[in-house]
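A.B. asks: Sequence and predicted structure are below.
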Amino acid sequence: MYNCGMKAVIPFSLVALLALAASSAAGAGVVHPPVKVIFDTDMLTDFDDVGALACLHALADAGECEILATISSTRGNASVGAVEVINSYYGRPDLPVGSPKGMGVVGSFPGAKAKVDPASPLCDKTGGDGGHYKYRKLLADYPGWYRHADADDAPDANEVYRRVLAAQPDGSVTICSVGFLTNMRRLLETKPDDISPLDGKALVSKKVKLWVAMACQYPAGKEYNSMWDAESSRIALENWPTPIVFSDFQYGRDCFAGRVVAEMEGERNPVKDVFAGNIPSRDEVRGDSAKWLQRQFGMGGRAAWDETAVLVAVRGTEPYFNVERGTYRMVGTDGANEWAPDAENGPHLRITEKLSKFEVGRVIDGLMTRKPRK
Ligand SMILES: [Ca+2]
């Protein structure tokens with residue numbers, strides 16, 4: 001059940017927080033300090049994660065954000081290496097990376113199953129390859145651009161989170177998660193150590209300003225990021241001590257972006273390579289009588305679930321989104337969630353349409369096609 005005591009530990013008005021976030025939105029001119037962001041991704045199956053990380057780097061190039069760490073929420077696959085390839089393209093090859101240890105959704109990296117504790121309830125739930133071939137291909141195409149071919153060889157996400165958070169000013173960090181909620185649960189459950197005398201929840205309370213999550217389905221249902229590690233999603237959502245803004249499945253599913261990325265020309269670009277290799281042609285979309293490709297990709301590219309979360313994390317909700325206040329919570333044990341509207345006291349916000357989704361998609365396209373400043 002939802003922890004009703006949560007409201008009491010929110011140290012500031014959610015409305016005031018979002019006003020602050022909105023005021024930082026202007027972008028041009030950048031009159032605010034860069035937003036400090038930890039990016040948490042399941043670069044495992046879909047490729048909006050690549051677009052989201054590209055947007056984040058473009059915003060960092062513009063001085064709108066500072067990327068503190070880029071962390072995988074999955075195990076035993078090429079997710080960390082893929083993140084590092086993108087980081088290297090944007091001239092930030094040394095950004096801290098990490099991955100969950102001991103538990104975590106595992107993709108089909110060759111040999112991954114052999115590394116998973118068979119007692120783990122989270123073992124290989126995505127099944128089969130799950131589209132992970134695109135990230136193995138990225139590593140094959142960009143040798144020397146990454147340090148960790150297997151996410152299991154990366155540092156423990158918990159340690160990276162704790163070290164990064166402990167070093168930041170109080171109330172200054174925004175976490176942007178576009179994958180499973182495993183790391184948020186694990187972080188909350190960490191104990192005091194030589195990095196910080198605070199336990200995980202106290203450390204998050206002290207250092208984190210906002211969590212922006214691409215997760216959950218409106219008004220109810222099973223959504224990929226929140227369902228596969230449902231227990232972690234439940235624990236994280238019930239115990240997280242700061243406001244959370246959701247870019248939910250409902251918003252991103254028909255906000256398309258990235259076709260212009262796929263059609264870019266010029267220098268070697270791993271972001272372009274991933275989009276070009278995975279977006280069907282315009283003729284294929286038009287010719288799909290079942291309309292499946294139209295629903296999945298549209299003419300604009302791919303559903304921009306993860307990119308919208310980055311936009312909110314760095315620029316706030318204005319001028320792009322309206323918001324609705326309430327509570328996202330997990331129900332049952334099979335990964336389902338529901339939204340409970342609560343305009344007065346809900347600890348969560350979910351974004352809704354303000355600027356048209358077509359226009360938001362073009363903003364995202366503009367960020368994804370920016371050349372790295374390096
Ligand atoms: Ca994702």
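C.D. replies: Happy to help now that I have it. Residues are numbered from 1 along each chain as shown.
A.B. asks: Please list the residues of the stretch 201-350 of the chain that sit near the ion.
C.D. replies: D306 (C-beta under 5 Å from the ion). Every C-beta, even on glycine, is put in place using the N, C-alpha and C of the backbone.
A.B. asks: Quick one: the strands in the stretch 201-350 of the chain, in order.
C.D. replies: 208-213, 220-222, 244-246, 256-258, 301-303, 321-331, 336-341, 348-353 (DSSP state E, counting those that start in this stretch).
A.B. asks: winner for burial among these?
C.D. replies: strand 256-258 (a mean of 29; mean count of other C-beta atoms under 10 Å).
A.B. asks: Show me what that one is packed up against.
C.D. replies: For strand 256-258, the contact count by 3 or more C-beta pairs under 8 Å, 6 or more residues apart in numbering; DSSP states H and E identifies helix 48-61, strand 301-303, helix 357-368 as packing neighbours.
A.B. asks: export the ones you listed to a markdown table and tack on mean pLDDT and distance to S226?
C.D. replies: As requested, those are exported to a markdown table (pLDDT from 0 to 100; distance: least, C-beta to C-beta, whole Å):
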| stretch | mean pLDDT | distance to S226 |
| --- | --- | --- |
| helix 48-61 | 98 | 16 |
| strand 301-303 | 94 | 16 |
| helix 357-368 | 98 | 22 |
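A.B. asks: With distance to V310 as new columns, can these be given to me in JSON lines?
C.D. replies: Output for these, formatted as JSON lines (distance: least, C-beta to C-beta, whole Å):
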{"stretch": "helix 48-61", "distance to V310": "5"}
{"stretch": "strand 301-303", "distance to V310": "14"}
{"stretch": "helix 357-368", "distance to V310": "8"}
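A.B. asks: Tell me which of those lies nearest to R315.
C.D. replies: helix 48-61 (7.6 Å; C-beta to C-beta).
A.B. asks: Run through the neighbouring helices and strands of the closest one.
C.D. replies: strand 35-41, strand 65-72, helix 79-89, strand 256-258, helix 270-278, strand 301-303, helix 305-315, helix 357-368.
A.B. asks: how about the residues of the stretch 1-150 of the chain near the ion?
C.D. replies: D42, D49.
A.B. asks: so where is this structure shaky, pLDDT-wise?
C.D. replies: 1-31, 107-131 (pLDDT under 70).
A.B. asks: At the geometric centre of it, which residue do we find?
C.D. replies: V178 (1.9 Å; C-alpha atoms, centre = their mean).
A.B. asks: Distance-wise, check that one relative to the ion.
C.D. replies: For V178, the distance to the ion equals 4 Å [C-beta to the ion, to the nearest Å].
A.B. asks: Point me to the residue of the stretch 251-374 of the chain nearest the ion.
C.D. replies: Taking C-beta to the ion, the ion has its nearest neighbour within the stretch 251-374 of the chain at D306, 4.8 Å off.
A.B. asks: if we can go back for a sec, for the helices and strands packed on helix 48-61, give me CSV that also has distance to A213.
C.D. replies: Listed next are the helices and strands packed on helix 48-61 as CSV, based on distance: least, C-beta to C-beta, whole Å:
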stretch, distance to A213
strand 35-41, 9
strand 65-72, 14
helix 79-89, 18
strand 256-258, 19
helix 270-278, 23
strand 301-303, 16
helix 305-315, 7
helix 357-368, 18
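A.B. asks: Let me see the contact set for whatever residue of the stretch 1-150 of the chain ends up closest to the ion.
C.D. replies: Using C-beta to the ion, the single residue of the stretch 1-150 of the chain nearest to the ion is D49, 4.2 Å away. For D49, the contact set (C-beta atoms under 8 Å, 6 or more residues apart in numbering) comprises T41, D42, M43, V178, G179, D306.
A.B. asks: The fifth one contacts N77, doesn't it?
C.D. replies: No. No contact is recorded between G179 and N77 when judged using C-beta atoms under 8 Å, the distance being 11.7 Å.
A.B. asks: Quickly list what's touching both of these two.
C.D. replies: L44.
A.B. asks: could you measure the residue nearest to the centre of the chain against G300, distance?
C.D. replies: 19 Å (C-beta to C-beta, to the nearest Å).
A.B. asks: go on, G91?
C.D. replies: 28 Å.
A.B. asks: which one of these two has more residues nearby?
C.D. replies: G300 (21 against 13; other C-beta atoms under 10 Å).
A.B. asks: What is the burial count for D170?
C.D. replies: By other C-beta under 10 Å, the residues close to D170 number 11.
A.B. asks: ok, the closest residue to it other than its chain neighbours - contacts?
C.D. replies: Leaving aside its sequence neighbours, D170 sits nearest to K206 (C-beta to C-beta, 6 or more residues apart in numbering; 5.4 Å). When contacts are counted by C-beta under 8 Å, 6+ apart, K206 touches D170, G171, L198.
A.B. asks: Over to A220?
C.D. replies: Contacts of A220 by C-beta under 8 Å, 6+ apart are V331, A336, N337, E338, W339.
A.B. asks: The fourth one bridge partners, please.
C.D. replies: According to DSSP bridges, the partner residues bridging E338 are A220, R329.
A.B. asks: So it is in contact with R329, correct?
C.D. replies: Yes. Between E338 and R329 there is a contact at 6.4 Å, judged by C-beta under 8 Å.
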